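J.: let's see this in three dimensions:
(chains A, B, C and D)
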2 protein chains.
Amino acid sequence: MRDSVGTGLDLPLDQVMVGDCIDLMRRLPPASVHAIFADPPYNLQLKGDLRRPDDSLVDGVDEAWDRFDDLPAYDAFTRAWLAEARRVLRKDGTIWVIGSYHNVFRLGAALQDLGFWVLNDIIWRKANPMPNFRGRRFTNAHETLIWAARGPESKYRFNYAAMKALNDELQMRSDWFIPLCTGQERLRDETGAKLHPTQKPEALLHRVILACTAPGDVVLDPFLGTGTTAAVARRLGRRFIGLERDPAYAAAAQRRVAAVAPIPEDAAQVTAGKREQPRLPFGALVERGVIPAGSILVDRARRWSATVAADGSIRCGRAQGSIHQVGAAVQEAPSCNGWAFWHVEQPGGTLRLLDEYRAEMLAAR
Amino acid sequence: MRDSVGTGLDLPLDQVMVGDCIDLMRRLPPASVHAIFADPPYNLQLKGDLRRPDDSLVDGVDEAWDRFDDLPAYDAFTRAWLAEARRVLRKDGTIWVIGSYHNVFRLGAALQDLGFWVLNDIIWRKANPMPNFRGRRFTNAHETLIWAARGPESKYRFNYAAMKALNDELQMRSDWFIPLCTGQERLRDETGAKLHPTQKPEALLHRVILACTAPGDVVLDPFLGTGTTAAVARRLGRRFIGLERDPAYAAAAQRRVAAVAPIPEDAAQVTAGKREQPRLPFGALVERGVIPAGSILVDRARRWSATVAADGSIRCGRAQGSIHQVGAAVQEAPSCNGWAFWHVEQPGGTLRLLDEYRAEMLAAR
DNA sequence: TTCAAGCCTGAATCTCACC
DNA sequence: CGGTGAGATTCAGGCTTGA
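T.: Take a look at the predicted model:
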């Protein structure tokens, strides 16, 4: 099982640490965090000012932390922090990295080269992107997140049912439509200027954290900035470790997180899929007399019928075995979920699925 | 000026050449094509069968051309063909490369390393992607195209106005919503089996070719497959050079292209707007109570306010009509995109753009 | 002829606990 | 670590079928 609480190791939980993220990660024990979200410098390579058609100046990214001498320098930096991140990540953990076309190919290639296993690339479609003022390119209306497991064989967590619930009971797709971080949510200084040039929307982190962690899990952000990851992790009942080089950003993040109230514990739980629910053998239903030995099971079309034995096996003609095995055998299918295949005839002549008996029993505990 | 006709050099125009694309490109003169579209193998690394929940088998990619020993082998292949492509590309030309998360980071990094200058990454959002049958990842609902100039200083062609016209007079964004290639458009053999496992939709190539070429320009496709690039280029009055290793694919492409009639020359200049995404009338938001009748709409500066009527029209003073008409009227402008002009006052006092409501609704379907 | 219901399929790195 | 078996798992769109 996953440890959701302390592992006995000293993790600096729910803190913002100021310093170089590579140095700070080196101090963390190996395989200690459940998830990592990283929003590294994009290496934008902007030249000169950008002005809108009305001649107003675009307040773009022009910070020292976003300047690298060249692509090899950026690659070296990327591989250094990703290697530390991989060491710190638990075997069953996953990492999210966000970037734009300036850097995302470097990030993705580095992830693959270091042994991470890409699970999805996710497109954050911006509701309100900045237009292309010069009309020389397409409006850059998205950013890309890469979601990766530690390796190809990793048993990672994906809260499938929770994501499906978020999306109106349809599978969550790889394209996410989320507005930019603006308005009240955007942190500003006394003059009203934005505190950080690339603050991410909380809605984005909400989905990320909900997708791959359980309450109590530890989320590491090596480029915390003004603390969106930490704030959302705290609100959702997760623990966080925030690393940030700039003391001013770190201080702002601290203040921001301190003001966040976690939601009630039950609200922080993710919708459990059937995989997460406790297993109940069919034999238990027979033992307890819910479906007594001797009962007749039929498929939905009443094409086949089978008799329940006292040990929970069933028989249909010459086929005998578990509800799954016999279901597969009669259909000549490679496999079959017997819970969703066999029914019991009800007094009124209607059929009731085995899965409904199971659900009832699980609910009653 | 750009040459749109012959350069005096012998180019094998409007032909499909059978052979290895690197060998064939070597025979082409340098700086000779205006645009390149490349759909290289994705290096999918599929293991075993995949079955749908109904036990039917997914007909996946299982072709020899998609198998590589490892990532370094794939990288070597990628860099070899991209280097030739760059040599063949005119100084003012651009290249498009399409891939998925399996290979697109390798492609992008190679492009950058070889000196190409990325202009955009474009997301092809699929209308009807295959679901994730095992519920272990997000539905992989997109592919990525990288659009790049030959170098940072290149004077490349971008048909800004044509793209804007295609998009209902809004700047074309980097996320494109286009259905898969299915039905009549999909090439099949006598048995009804698909001729090529990864045939791209013509709508995708239509937009690509229209974005960066003029009539008469030469479009090179080093991985022609069954000839989508050639067919669309011909229809749009462009010239093409198609390279394909597999004689069967090449023959199918030849037959396909031969059946294509170029559109009239004037139509090739500007293409009529084709709506790839379902339109959502403003009235639908009113009907469904997202923006109830009686709501007040204001512009961003709160200079004007308008009242929403039950039929989806709005009124501001004497002006009454659609959100677009009234927006234009109050500003005394010839036209107005009401979705990007009107806002709804939120409980917190912030404004929310109509476009965000619409987008939310479209995403939720 | 029309319409509704059902069928087929798409670039896919697609399970996991237990012995 | 490998083998075994329970049992979890799908959306949209075009086409076909049949009333």
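
J.: helix or strand right after the least confident helix or strand in chain A by mean pLDDT?
T.: The weakest-scoring helix or strand in chain A, judged by mean pLDDT, DSSP states H and E, is helix A:265-268 (a mean of 74). Moving toward the C-terminus from helix A:265-268, the next helix or strand (DSSP states H and E) is helix A:282-287.

J.: in that next one, what counts as buried?
T.: A:282, A:283, A:285, A:286 (16 or more other C-beta atoms under 10 Å in any protein chain shown). (Each C-beta comes from the backbone N, C-alpha and C, glycine too.)

J.: closest to chain B out of those residues?
T.: residue A:282 (20.4 Å; C-beta to the nearest C-beta).

J.: specify the local secondary structure of residue A:78.
T.: helix (DSSP: H, G, I helix; E, B strand; the rest coil).

J.: residue contacts, it?
T.: By C-beta atoms under 8 Å, 6 or more residues apart in numbering or on different chains, the residues touching residue A:78 are A:40, A:103, A:106, A:107, A:110.

J.: same question for residue A:143.
T.: Contacts of residue A:143 (C-beta under 8 Å, 6+ apart): A:98, A:99, A:100, A:104, A:123, A:124, A:126.

J.: which residue is the nearest non-sequential neighbour of it?
T.: residue A:124 (4.8 Å; C-beta to C-beta, 6 or more residues apart in numbering or on different chains).

J.: and that neighbour, what does it touch?
T.: A:98, A:142, A:143, A:144, A:145, A:176, A:178, A:204 are the contacts of residue A:124 under C-beta under 8 Å, 6+ apart.

J.: list the contacts of residue A:15.
T.: By C-beta under 8 Å, 6+ apart, the contact set of residue A:15 is A:241, A:242.

J.: chain B versus that one, what's the distance?
T.: 30 Å (C-beta to the nearest C-beta, to the nearest Å).

J.: distance check, that residue against residue A:234.
T.: 11 Å (C-beta to C-beta, to the nearest Å).

J.: got any residues that touch both of the two?
T.: Here residue A:15 and residue A:234 share no contacting residue, scored by C-beta under 8 Å, 6+ apart.

J.: and residue A:75, which of the three is it?
T.: Under three-state DSSP, residue A:75 comes out as helix.

J.: sorry, back to before: now neighbour count, distance to chain B and secondary structure too, for the contacts of residue A:78, in TSV please.
T.: Listed next are the contacts of residue A:78 as TSV, based on neighbours: other C-beta atoms under 10 Å in any protein chain shown; distance: C-beta to the nearest C-beta, whole Å; DSSP: H, G, I helix; E, B strand; the rest coil:
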residue	neighbour count	distance to chain B	secondary structure
A:40	21	15	coil
A:103	26	10	coil
A:106	23	6	helix
A:107	27	7	helix
A:110	23	8	helix
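
J.: what does the stretch 101-250 of chain A have sitting close to DNA strand C?
T.: A:112, A:117, A:118, A:119, A:120, A:155 (C-beta under 7 Å from any atom of the strand).

J.: and the helices in the stretch 1-150 of chain A?
T.: A:21-26, A:71-88, A:104-113 (DSSP state H, counting those that start in this stretch).

J.: just the buried residues of the second one, please?
T.: Along helix A:71-88, the positions that meet the burial threshold by neighbour count (16+ other C-beta under 10 Å) are A:74, A:75, A:77, A:78, A:79, A:81, A:82, A:84, A:85, A:86, A:88.

J.: repeat for the first one
T.: Within helix A:21-26, the residues scored as buried using 16+ other C-beta under 10 Å are A:21, A:22, A:24, A:25.

J.: give the closest residue to the third one in space, chain neighbours not counted.
T.: Of all residues beyond its chain neighbours, the one nearest residue A:24 is residue A:243 (4.8 Å), with distances taken as C-beta to C-beta, 6+ apart.

J.: number of nearby residues for whichever residue of chain A sits closest to DNA strand C?
T.: Residue of chain A nearest DNA strand C, by C-beta to the nearest atom of the strand: residue A:118 (3.9 Å). For residue A:118, the count of nearby residues is 19 (other C-beta atoms under 10 Å in any protein chain shown).

J.: contacting residues around it?
T.: Residue A:118 touches A:108, A:111, A:112, A:146, A:147, A:148, B:101, B:102, counting by C-beta under 8 Å, 6+ apart.

J.: how about 7 Å then?
T.: A:108, A:111, A:112, A:146, A:148, B:101 (C-beta atoms under 7 Å, 6 or more residues apart in numbering or on different chains).

J.: can I assume the last one is in contact with residue A:122?
T.: No. With contacts counted by C-beta atoms under 7 Å, residue B:101 stays clear of residue A:122, the gap being 9.4 Å.

J.: between the two, who's got more neighbours?
T.: Neighbours around residue B:101 and residue A:122, counted as other C-beta under 10 Å, are more numerous at residue A:122. The numbers are 27 against 23.

J.: dig out what the nearest residue to the more buried one once chain neighbours are set aside forms beta bridges with.
T.: The spatial neighbour of residue A:122 that comes closest, neighbours along the chain excluded (C-beta to C-beta, 6+ apart), is residue A:145 at 4.2 Å. Applying DSSP bridges to residue A:145 gives these bridge partners: residue A:98, residue A:122.

J.: rewinding a little: check the buried residues of helix A:21-26 and tell me the two furthest apart.
T.: Spatial extent of the buried residues of helix A:21-26 (C-beta to C-beta) is set by the pair A:22 and A:24 at 7.4 Å.

J.: and the stretch 101-250 of chain A, which residues reach chain B?
T.: Within the stretch 101-250 of chain A, the residues that sit near chain B (C-beta under 7 Å from any C-beta of the partner chain) are A:101, A:105-106, A:108-109, A:112, A:118-123, A:125, A:127-128, A:131-132, A:135-142, A:158, A:160, A:168, A:171-175, A:177, A:179, A:183-184.

J.: pLDDT weak spots in chain A?
T.: A:1-9, A:46-48, A:267, A:365 (pLDDT under 70).

J.: what about the residue in the stretch 51-200 of chain A positioned nearest to DNA strand D, how many residues close to it?
T.: Here the residue of the stretch 51-200 of chain A nearest DNA strand D is residue A:171; by C-beta to the nearest atom of the strand that distance is 3.9 Å. Using other C-beta under 10 Å, residue A:171 is surrounded by 17 other residues.

J.: what of residue A:340?
T.: Residue A:340 is flanked by 15 other residues according to other C-beta under 10 Å.

J.: which ones are touching it?
T.: A:353, A:355.

J.: how close does it get to DNA strand D?
T.: 5 Å (C-beta to the nearest atom of the strand, to the nearest Å).

J.: how close does the residue lying closest to residue A:10 once chain neighbours are set aside get to DNA strand D?
T.: Nearest residue to residue A:10 in three dimensions, chain neighbours excluded: residue A:29, at 7.9 Å (C-beta to C-beta, 6+ apart). Separation of residue A:29 from DNA strand D (C-beta to the nearest atom of the strand) stands at 22 Å.
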